[in-house]
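**Student:** Take a look and give me a structure for this.
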Amino acid sequence: MALSSHEIKEKFLAFFASKQHTFVQSSPIVVKGDPTLMFTNAGMNQFKDYFLGNAEAPYKRVVNSQKCLRVSGKHNDLEEVGHDHYHHTMFEMLGNWSFGDFFKQEAIEWAWELMTDVYGLPKDQLYVTVFEGDPAANISFDQEAYDRWAQFIDPKRILKGNKKDNFWEMGDTGPCGPCSEIHFDMRSAEQRGALDGATLVNQDHPEVIEIWNLVFMEFNRKADGSLERLPAQHVDTGMGFERLVRGIQGKSSNYDTDIFQFIIQNTAKHCGKNYGDDEKQDIAFRVIADHLRAVSLCIADGQLPSNTGAGYVVRRVLRRAVRYGYSYLGFQTAFFNQLVPALADYFARSFPELKAQESFVQRVIQEEENSFFRTLSAGMGRLNGFIEQNPQGLVDGATAFELYDTFGFPIDLTDLIARERGCSVDMDGFSDALQAQKDRSKADAAKQTGDWHTVMEGSEESFCGYDVTHCHTQISRHRTIAAKGKNLYQIVLDVCPFYAESGGQVGDTGYLIGADGERVRVIDTQKENKLHVLVCDKLPSQLEQLFEAKVDDDRRTKINGNHSATHLMHSALREALGAHVAQKGSLVNEAALRFDFSHFGKMTDEELLAVEQRVNEKIREGIALKEHRNVPIAEAQNMGATALFGEKYGEYVRVIEFDANYSMELCGGTHVANTAQIGFFKILGESSVAAGVRRIEALTQQAALDYINAQVEELGRVKQVLGNPKDAEAAVVKLMEEHADMRKQIEQFEALQVQAIKEDLLKQVVDVQGIPMVLSKLSLPSADAAKQLCFQLKQSLNNPVVVLAYLAEEKPGLAIYIDDQWVAEKGWNASQMIRDCAQEIQGGGGGQPFFATAGGKNVEGLDAALLAAKQRLGA
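**Tutor:** Down below sits the predicted model:
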């Protein structure tokens, strides 16, 4: 019976332990403290400083199994994953190292012993390579490695390799040296008899694969490119665990080994399909099996999915897996997270950090899936609709960017779907659109988040802000954030009274006051998963002392009033408009409140007044808050508590009640103790946010009174300007009527001016190859007059072209009209033409092929703009 993958790994570690190697646990898959790497992509990464001489190795001989990830940079394997049987994102690298201890003789001898005696791989299916030398670089053939191998293997199976395959370098400078690879020919006996495997080594043959690479670091590459011998020689070996298991278990695919099969079969159970029935489905099974390992281990190592850096890579891999499950295996809801428990069990011995954080990892993945599924269906519909209209065509950059920006599609996902449908993507156009967006908003582009530094082991990290706004506490951990050219600091407290931004309510501000009197300003509080993370402008000089955490009480009071008012308003809206009203979003801060809700049309003034009066009625009633904590979700629903549609709630929830017969909602925010503390409620306005979603903005407490007072004062000033009439409204109506009459007179005068200008322009018509053209620089009463002139000249002339370079209200402008006949026959395009010509007046514009306008800033450029248009028209 073939060895299991666990047994294969254990034999590797035990073998080198018998050779006096010390086991070193895998470093995190997400690299920290090394700006050259985003993820660990080789077993030697964590030992880099030993090779560079920056630190002394605590052990001379080391063995381990390292978590690795290759999805970006020169080792970009992502798009191959699933389509073949041996590429992976996450893989394990088995390795052993010598730091100035043994060298080629022992490394080669032990490698052969392990492969043939311990694992029992057939000697006649193994090949080894040695470095052939590079005369140009003054590096000789690796005779020593050849001689060592010749002691164990037929010299015909020792192959010479070039610098690309058999000389390893850490980078442009630093330790390097020749390497020797072990390749395994897994073809059938018949195939091996028909074609010598030596001809297939390093030729990307799927069944003649490299299993182990032994790197002999004996040189140092200097900045000038020359090599010098290292004072101490090192050995760095790396063996692909997945490939090794495939070879030992005699499988034709890495995915057929027990490393992946339990994931594939678990996936099959969830989707009701069988692996092996359909090639496209099989690709999806393999993609999911591979990506689950990568995503889960990255999250367990602290890298949450995000929109930047390593977090974006994790999100990209996760979404690729979900998309394949959605497209080929029929998954319509979150499924990827359900595969985590079995994976955690598999890795429990090797990487126990995943098992220890199983529920956390599962929760993070589920949240990501839920988010992606909400946009995936709509995005797929948008892309498929585009492709159906443009079969075997080009997905333009604007469409690709819309999918990226609106639907959350990574560009490589759009490209993959397009290629599957016989289309391509305008990558340059996408890049231009993406860059334009980055130029508009650079808020997150420069943000870099450092590692957490633990100050207090075993910290409670609890929230007490529902009960108190200040308490004594200690710092549990902290980290640094670099954003917008300055450093900010995130702090997590053992016990925290600061409310973290969530549920539409902004985070608290305040101070941390040390026992030594030092004050640290808390400028925001953010939530990361369930952590309440303080954002500060500096770190305390003494991190381990006792602190007094003080929330800004005045600000919190204003926020409480606004939040409680949203609850009262929600109920008032349902009374006024109907039970169909449901909250769709909110923003609650110290200045105002904003409430989005479902409703089919604009609210009338009477409806708004009814809501406002109902809320103020409840405020005057002085209803005491009733807070119910840790209520089972089913019990809360039985109580009649309102839950937000689409919101994910836990098993236990918090219920906020202001009169059980009026307002009872599931809510995690902070509130007033009594509605009377809200004082006064005033609606500022109501508007549309999206189809079927309305928004109300309002004020409470002193801000509402200040607003009313300001309105009264403004009305007083208006009446004063009008001469203090008894009826201000009638006076304003009269003034507006007089203004309208005057405007009509001005328009009539402008019409006479335009008519006179038109008659003058008709005298300036030139014939250009049989086309009547009006090409003129002039002054106009308004920019609209240019449009009127173009279309009036169209009526007076037979298929004309009109170009007007004008000055109107002290601003330069252009208008171009091209008759449809010349658009069709000559390919002239007014919109394209005007964009080019508008550069002369430092402006821009656009329109349609037959008519376009532009405005600008450079009056002096009108002559040049007109000349540019004439040249394009051949006039």
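
**Student:** alpha carbons only for contacts and neighbour counts from here, please
**Tutor:** Fine.

**Student:** Which residues are in contact with residue 132?
**Tutor:** 140-142, 160-163, 166 (C-alpha atoms under 8 Å, 6 or more residues apart in numbering).

**Student:** Quick one: buried ones out of the residues you listed?
**Tutor:** For these, a neighbour count by 16 or more other C-alpha atoms under 10 Å gives the buried set as 141-142, 160-161, 166.

**Student:** now these in JSON lines, with secondary structure?
**Tutor:** Putting the buried ones among the contacts of residue 132 into JSON lines (DSSP: H, G, I helix; E, B strand; the rest coil) gives the following:
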{"residue": "141", "secondary structure": "coil"}
{"residue": "142", "secondary structure": "coil"}
{"residue": "160", "secondary structure": "strand"}
{"residue": "161", "secondary structure": "strand"}
{"residue": "166", "secondary structure": "helix"}
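
**Student:** quick one: which of these is nearest to residue 578?
**Tutor:** Using C-alpha to C-alpha, residue 166 comes nearest to residue 578 of these, at 74.9 Å.

**Student:** Flag the shaky bits of the stretch 351-500 of the chain, pLDDT-wise.
**Tutor:** By pLDDT under 70, the weakly predicted segments of the stretch 351-500 of the chain are 391-392, 406, 408, 410, 438-449.

**Student:** just the helices in it please.
**Tutor:** Remark: helices assigned in the stretch 351-500 of the chain by DSSP state H, counting those that start in this stretch are 352-356, 358-389, 397-407, 411-420, 427-440.

**Student:** Looking at those helices, which is nearest to residue 289?
**Tutor:** With C-alpha to C-alpha as the yardstick, what comes closest out of the helices of the stretch 351-500 of the chain is helix 358-389 (14.6 Å).

**Student:** Quick check: which helices or strands does that closest one pack against?
**Tutor:** helix 279-300, helix 309-328, helix 340-346, helix 397-407 (3 or more C-alpha pairs under 8 Å, 6 or more residues apart in numbering; DSSP states H and E).

**Student:** What segments of the stretch 551-700 of the chain are strands?
**Tutor:** 583-588, 593-598, 626-632, 652-658, 663-666, 681-690, 693-700 (DSSP state E, counting those that start in this stretch).

**Student:** what's next to the first one, contact-wise?
**Tutor:** Defining contact as C-alpha under 8 Å, 6+ apart, one finds that strand 583-588 is touched by 503-506, 559, 562-563, 570, 593-598, 644-645, 693.

**Student:** What residues of that strand count as buried?
**Tutor:** For strand 583-588, by 16+ other C-alpha under 10 Å, it's 583-584, 586-588.

**Student:** now the angle from that strand to strand 593-598?
**Tutor:** 170 degrees (axes from the mean of the first three to the mean of the last three C-alpha atoms, to 10 degrees).

**Student:** give the contact list for residue 658.
**Tutor:** Contacts of residue 658 by C-alpha under 8 Å, 6+ apart are 568, 623-626, 664, 675.

**Student:** for those residues, which one is nearest residue 114?
**Tutor:** Distances from residue 114 to the contacts of residue 658, taken by C-alpha to C-alpha, are shortest for residue 664, at 68.4 Å.

**Student:** thinking the closest one is in contact with residue 656, fair?
**Tutor:** Yes - assessed by C-alpha atoms under 8 Å, residue 664 is found in contact with residue 656 at 5.6 Å.

**Student:** Restrict the contacts of strand 583-588 to the buried ones and give me that as a PyMOL selection.
**Tutor:** Restricted to buried positions by 16+ other C-alpha under 10 Å, the PyMOL selection for the contacts of strand 583-588 reads:
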select buried, resi 504+505+506+559+562+563+570+593+594+595+596+597+598+693
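
**Student:** Which element, helix or strand, includes residue 231?
**Tutor:** In the assignment (DSSP states H and E), residue 231 maps to strand 227-240.

**Student:** Next, the buried residues of that strand.
**Tutor:** Buried, per 16+ other C-alpha under 10 Å, within strand 227-240: 227, 230, 233-240.

**Student:** Present those as JSON lines; the columns should include distance to residue 607.
**Tutor:** As requested, the buried residues of strand 227-240 are exported to JSON lines (distance: C-alpha to C-alpha, whole Å):
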{"residue": "227", "distance to residue 607": "83"}
{"residue": "230", "distance to residue 607": "84"}
{"residue": "233", "distance to residue 607": "83"}
{"residue": "234", "distance to residue 607": "80"}
{"residue": "235", "distance to residue 607": "79"}
{"residue": "236", "distance to residue 607": "76"}
{"residue": "237", "distance to residue 607": "75"}
{"residue": "238", "distance to residue 607": "72"}
{"residue": "239", "distance to residue 607": "72"}
{"residue": "240", "distance to residue 607": "69"}
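
**Student:** Residue 757 versus the most far-flung residue of the chain relative to its centre, what's the distance?
**Tutor:** Distance from the C-alpha centroid of the chain, by C-alpha atoms, centre = their mean, peaks at residue 763 (61.1 Å). Separation of residue 763 from residue 757 (C-alpha to C-alpha, to the nearest Å): 10 Å.

**Student:** likewise residue 230?
**Tutor:** 88 Å.

**Student:** Quick one: list the elements packing against the host helix or strand of residue 867.
**Tutor:** Assigned by DSSP H and E, residue 867 falls within helix 862-873. For helix 862-873, the packing partners by 3+ C-alpha pairs under 8 Å, 6+ apart come out as strand 771-780, strand 801-808, helix 830-837.

**Student:** who wins for proximity to residue 321 among those?
**Tutor:** helix 830-837 (42.4 Å).

**Student:** Now do the closest one and strand 801-808, the angle between them.
**Tutor:** 50 degrees.
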